[in-house]
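Engineer: Provided below for reference: sequence and predicted model.
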Amino acid sequence: MEFEDQVLQDFLEPQKRDFGGKVEIDDGLWALFTVPAPDALANAIARSLLREVTFAHDTGPSADDQWTLYYVDTTNRPAAQHWLDDLTAILSGTIRPISPAHRALINEIVSSDKPHRVAQQISELHARGEISAAIFRDPTTVRSLLDRLHQREPLFFSAFLTLLTHHLIDLVVLLQQLITEDVALASEIVKSGLSRDPFLQSRQDAAAEIRNALLRFQIINPIDQQKNTAISNPYAVYLDVVCLGEKISAPIDGTVVTVPRQNFIDAIHSIRRALYAGEPFGNLDTQVPWMTNDIAYAFRFIKQCVETHSELKPIDTLAMLERAVEA
């Protein structure tokens, strides 16, 4: 049985808030959904949602037979909670959460003795659409990445460059964490003489590409070649987004239009929902069934921005645009 997205959202919101694997109903058993036993529709939705999940789960009545409980054990609880978070994100058009397995990879790269291989694994996940841009967003993790660059390991320079190339490091956090010594390190390596050792030369080449990326996004000021203290959001600068409080100044076909920030976010979420459903970005226009007057102007600006930045995947541009206007 198929259900409308809004019906699913209306079911999931209170279930995730009140249960969602957070309530222990017995020793080692956690309620994912709790539905009134006589509610045929709610039970049909719960069964439909759980029909194809990969984690083990079970169903049973409450002690008083008033409720139907859909639950998981402690072993399957993390997978069930991630599935629920992911499903909610898909339906709402928000950025999908990182799975426990992918989170382990993110944590591993900081200390791995083969960081280039871990970075490649993460970049392949990104290429397949399994993770989104800017997943390295924790300030401590980003600072750890920068700190390890100072160990001057050629393989880590390669790993860091891979993460930057695939837009996996949040540039707002990177700008906040960058210090003078980081910029000086990159400049020193770039300016050093060519090495006959190909391993060391690969570090110099990677350092040059890292520095070029930081210049492109104006994290390094192109004028004085130091950390750019004149900006706070590299995404807003790169994508030419002007956010003034709760208003977005959006140039559309040569005319500047003021768009409420919430309408801009709603447009991003609507587009992302369509992409999650498999709709190619090029097929989207102002005639799609979900278009409203509230988001039409924002949609036109976003579409214009995506098309202008064809070097980025549309799903990454959406993530950057949303990050550009975060309060």
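Structural biologist: Sure thing, it's come through. In this text the structure is predicted, and so the values were computed from the model without any measurement. Numbering: from 1, shown residues only.
Engineer: Can I get the longest helix seen in the chain in CSV, CA atoms only?
Structural biologist: Ordering each helix of the chain by length in residues (DSSP state H) puts helix 198-216 first. Below are the C-alpha coordinates for helix 198-216, written out as CSV (Å, rounded to 0.1, in the frame of the first residue of the first chain):
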residue,chain,number,x,y,z
PRO,A,198,58.2,11.6,-6.1
PHE,A,199,56.6,11.0,-2.7
LEU,A,200,57.7,14.4,-1.4
GLN,A,201,56.8,16.0,-4.7
SER,A,202,53.2,14.6,-4.4
ARG,A,203,53.0,16.5,-1.1
GLN,A,204,54.0,19.7,-2.7
ASP,A,205,51.5,19.2,-5.5
ALA,A,206,48.7,18.4,-3.1
ALA,A,207,49.7,21.5,-0.9
ALA,A,208,49.4,23.7,-4.0
GLU,A,209,46.0,22.3,-4.9
ILE,A,210,44.8,22.7,-1.3
ARG,A,211,46.0,26.3,-1.3
ASN,A,212,44.3,27.0,-4.7
ALA,A,213,41.0,25.6,-3.3
LEU,A,214,41.2,27.9,-0.2
LEU,A,215,41.9,30.8,-2.5
ARG,A,216,38.9,29.9,-4.8
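Engineer: most centrally placed residue in the chain?
Structural biologist: Ser132 (4.0 Å; C-alpha atoms, centre = their mean).
Engineer: who's in contact with it?
Structural biologist: By C-beta atoms under 8 Å, 6 or more residues apart in numbering, Ser132 lies in contact with Ile95, Arg96, His126, Ile315, Asp316, Ala319. Every C-beta, even on glycine, is put in place using the N, C-alpha and C of the backbone.
Engineer: What lies in contact with the longest helix of the chain?
Structural biologist: Taking C-beta under 8 Å, 6+ apart as the rule, helix 198-216 contacts 152-154, 157-158, 160-161, 164-165, 183, 185-187, 189-190, 192, 194-195, 220, 222, 238.
Engineer: Okay, buried residues for it please.
Structural biologist: Ser202, Arg203, Gln204, Asp205, Ala206, Ala207, Ala208, Glu209, Ile210, Arg211, Ala213, Leu214 (16 or more other C-beta atoms under 10 Å).
Engineer: same question, stretch 256-276
Structural biologist: Quick answer for stretch 256-276 (16+ other C-beta under 10 Å): 259, 261, 263-276.
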